[in-house]
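Enquirer: coords below, sequence missing:
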């Protein structure tokens, strides 16, 4: 399991290539590498699409296959069905059914890679 983006990364492409290549070398045939990406609404450089532009080519160069993405989804009652969050919105209103659980402002996507022969 890897955190992305890495703290203090000055060359994200090189960092992703190095990390995923090392993971591929140590990965069992039926194993997975899980990259945890953090996205903050409205912050430049933090969207999943921006992370994907770095991670997918790095995984391909490392000989890994992109197997799955696990992403947050909004539920009908206004809460996230599935989300790992790194920050809570402390400005959220305490009115309504969400009062005990403030909305998340930073959500996490799990990006799963494996060997090319492995099927999702």
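Expert: Thanks, I have it. Just so it is clear, the structure is predicted and the values come from calculations on it, not from any experiment.

Enquirer: Tell me where this protein has helices.
Expert: 12-26, 48-61 (DSSP state H).

Enquirer: now for the longest one, which elements pack on it?
Expert: Secondary structure elements in contact with helix 12-26, counted by 3 or more Cβ pairs under 8 Å, 6 or more residues apart in numbering; DSSP states H and E, are strand 2-4, strand 33-40, helix 48-61. Any C-beta I mention is one placed from the backbone N, CA and C, and that applies to glycine too.

Enquirer: check contacts around the nearest residue to residue 3 once chain neighbours are set aside.
Expert: Setting aside the residues directly before and after it, residue 3 is nearest to residue 36 in space (Cβ to Cβ, 6 or more residues apart in numbering), at 5.4 Å. Neighbour list for residue 36: 1-4, 84, 108-111 [criterion: Cβ atoms under 8 Å, 6 or more residues apart in numbering].

Enquirer: Show the buried residues in those residues.
Expert: Buried members of the contacts of residue 36, counted by 16 or more other Cβ atoms under 10 Å: 2, 4, 108-111.

Enquirer: Dump the residues you listed into a markdown table; add pLDDT as well.
Expert: Below are these laid out as a markdown table (pLDDT from 0 to 100):
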| residue | pLDDT |
| --- | --- |
| 2 | 85 |
| 4 | 84 |
| 108 | 77 |
| 109 | 84 |
| 110 | 87 |
| 111 | 90 |
